[in-house]
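Peer 1: here is a sequence together with a model predicted from it:
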Amino acid sequence: MALSLPAIMKTTAARLSALYLLLFALCAVLLVFYMTSLSARMLTAQTQETINDEVLGLARAYQRGGLPVLVRVVEARSRQPGANLYLIADANGQILTGNVQSLEPGVIETEGWTTEPFSYQRFGEGELDRLRSGGSDQSTPPPNDSSNNNPQSTGEKGHNAIALVLRLPNQMIMLVGRDLGEPERFRAVISRALTLALGMMGLGGILIWFFVGRAALKRIDSVSDASRRIMGGDLSGRLPVTGAGDEFDRLSANLNSMLARIAMLNEGLKQVSDNIAHDLKTPLTRLRNRAEATLAGRHKTQDYRQALEGTIAESDQLIKTFNAILMISRLEAGYSSEQTGPVDLAATVSDVVELYEPVAEEAGVALETTVPEAFTINGNRELIGQALSNIVDNAIKYSTDAAETPKVRVALERLGNEIKLAVSDNGHGIPDDADRARATERFVRLEKSRSQPGSGLGLSLAKAIMTFHNGRLDLLPANPGLSVVMSFPLRETH
């Protein structure tokens, strides 16, 4: 599937990434301007402090020896490497001494700090530029010519500086300034560094956004493809899990568990439909044949009565079968209107055993119980009693063919974090593991002769009841016989 930018932008992850990238870029731009402005203010303040120190030194020289001493100090400082700007001019603005050849017009007309940076040229810079260009100008006016006060008149660009202009007592003008070349270069370096960092971070953010959005879209597309296959009828399909352990994997794992549950319920529904069609056909056929045989000849009232009683008994068995099917479906679907609460398993076992003692005695089966203590769990007493009754009934029926004295034992014990209720017999049992796994399926009867009454729903209902109670039902070999174990989790106490 082709991935385009509009397709990526439709994903929530990409939109959030774009929003965060825009916010980050805005903050970074503001940071660039703030840092640049802050560095400029700091450098300007430092420059003004330096100029103030120079002015104080010149003021002390003026106080010591007047104008001659001031001129000598200015000339000495002007010749030093990297010197500041020094200029002394007369009342008319004619430059008398200093290291400034020309100034931007109007700079020395106002006393105090210059409001804006101004352009200037030092002595010798014009001649040096002309020598570099290969020419000379013999008509260059002398340095102190007032016509040379404009640096633009020489055709040269000049430099920028800030200065403090002072009026001396004799109305002469003194200018002390500092070139802004170094501060401006420093500010330009900071600006370029921040801009480069912004560009690199922005590019990295865009690349990460693109690849993360692309990967997220691929994952979503794979989930969509798997979903379409599942909706097309392939319930065995599952959502992809990459093993990364991220939120997509957790979501896919949960959805796969849900799909497995749905597939199991659908398979159970299919089996129920098939089993109903096959296993319930026989009793319905018997009902019809009995009714047809009764109506076929002349019979006494007693014969009709017996036929109706047989029909009622057969109908009752069908109703029980359908009720069991409905109960299993409700329990396996995770829904039941049954109420749960504290259940004493020991008392439940005693009641069921007492109920089946006459049945066991009539069948010649010894029914034994081992209940060392009372165990209380969270559950439904009626459902647990029904499951235990089904298991005990099966044990009595299938232990009658034991090689020795038929015996059924009901034992209750605690093992670790579980309470186990085991019903064991000494009959032939179910030797095959595969058959033991199938024995809990609906309508499955492993007895070939079908000589024993039943519909094959007893263990299925018991398994559904145990699932409802967050437990499990295990069929284990008893050597001889079969042991059906109901495992309940311990009751949580608060």
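Peer 2: Arrived safely.

Peer 1: and the helices in this structure?
Peer 2: 5-9, 12-78, 125-133, 181-231, 247-279, 281-296, 301-332, 345-363, 381-398, 433-438, 458-468 (DSSP state H).

Peer 1: out of those, deepest packed?
Peer 2: Greatest average neighbour count among the helices of the chain goes to helix 458-468 (a mean of 23), per mean count of other C-beta atoms under 10 Å. The C-beta positions use only the backbone N, C-alpha and C, and glycine is treated the same way.

Peer 1: report the angle between that helix and helix 381-398.
Peer 2: 150 degrees (axes from the mean of the first three to the mean of the last three C-alpha atoms, to 10 degrees).

Peer 1: quick revisit: what's the least confident stretch among the helices of the chain?
Peer 2: For the helices of the chain, mean pLDDT drops lowest on helix 125-133, to a mean of 55.

Peer 1: returning to that earlier point: quick one: closest of the helices of the chain to T115.
Peer 2: Nearest of the helices of the chain to T115, taken as C-beta to C-beta: helix 12-78 at 12.5 Å.

Peer 1: just how off-centre is that closest one within its chain?
Peer 2: Remark: helix 12-78 is offset 48 Å from the chain centroid, using C-alpha atoms, centre = their mean, to the nearest Å.

Peer 1: quick one, it and helix 181-231 angle?
Peer 2: Using the same axes, to 10 degrees, helix 12-78 lies at 170 degrees relative to helix 181-231.

Peer 1: who are the packing partners of helix 12-78?
Peer 2: helix 5-9, strand 85-89, strand 95-98, strand 159-167, strand 173-179, helix 181-231 (3 or more C-beta pairs under 8 Å, 6 or more residues apart in numbering; DSSP states H and E).

Peer 1: before we move on, back to that, would you list the helices of the chain in CSV and tack on distance to P372?
Peer 2: Formatted as CSV, the helices of the chain follow (distance: least, C-beta to C-beta, whole Å):
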stretch, distance to P372
helix 5-9, 66
helix 12-78, 59
helix 125-133, 111
helix 181-231, 50
helix 247-279, 37
helix 281-296, 43
helix 301-332, 30
helix 345-363, 9
helix 381-398, 17
helix 433-438, 28
helix 458-468, 22
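
Peer 1: for those helices, which one sits closest to N479?
Peer 2: If you check each of the helices of the chain against N479 by C-beta to C-beta, helix 433-438 wins as the nearest, at 13.3 Å.

Peer 1: quick one on the thing from earlier: between the helices of the chain, which one is nearest to P169?
Peer 2: The closest approach between P169 and any of the helices of the chain, judged by C-beta to C-beta, belongs to helix 12-78 at 8.9 Å.

Peer 1: circling back: can I get the helices and strands packed on helix 12-78 in TSV including distance to Y356?
Peer 2: Listed next are those as TSV, based on distance: least, C-beta to C-beta, whole Å:
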stretch	distance to Y356
helix 5-9	68
strand 85-89	117
strand 95-98	124
strand 159-167	110
strand 173-179	111
helix 181-231	46
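
Peer 1: which of these sits closest to L58?
Peer 2: Closest to L58 of these is strand 173-179 (C-beta to C-beta; 6.8 Å).

Peer 1: out of the helices of the chain, which gets nearest to N426?
Peer 2: Relative to N426, the nearest member of those by C-beta to C-beta is helix 381-398, separated by 9.5 Å.

Peer 1: can you list the buried residues in stretch 476-494?
Peer 2: Neighbour counts over stretch 476-494 (16 or more other C-beta atoms under 10 Å) mark A478, P480, G481, L482, S483, V484, V485, M486, S487, F488 as buried.

Peer 1: run the chain-centre distance for it.
Peer 2: Offset of stretch 476-494 from its chain centre (C-alpha atoms, centre = their mean): 40 Å.

Peer 1: give me the mean pLDDT for it.
Peer 2: Mean predicted confidence for stretch 476-494 is 82.

Peer 1: could you dump that stretch to CSV, C-alpha only?
Peer 2: C-alpha atoms of stretch 476-494 as CSV (Å, rounded to 0.1, in the frame of the first residue of the first chain):
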residue,chain,number,x,y,z
LEU,A,476,-7.4,-37.7,35.3
PRO,A,477,-6.8,-41.5,35.3
ALA,A,478,-7.4,-43.1,38.7
ASN,A,479,-5.8,-46.4,37.9
PRO,A,480,-8.2,-48.0,37.8
GLY,A,481,-11.1,-45.8,37.0
LEU,A,482,-11.4,-42.0,36.4
SER,A,483,-11.0,-39.1,38.7
VAL,A,484,-12.9,-35.9,37.9
VAL,A,485,-11.3,-32.9,39.8
MET,A,486,-13.1,-29.6,40.4
SER,A,487,-10.5,-26.9,41.3
PHE,A,488,-11.8,-23.7,42.9
PRO,A,489,-9.7,-20.6,43.7
LEU,A,490,-9.5,-19.7,47.4
ARG,A,491,-12.0,-17.1,48.6
GLU,A,492,-10.4,-13.6,48.8
THR,A,493,-10.7,-12.1,52.3
HIS,A,494,-10.6,-8.4,53.0
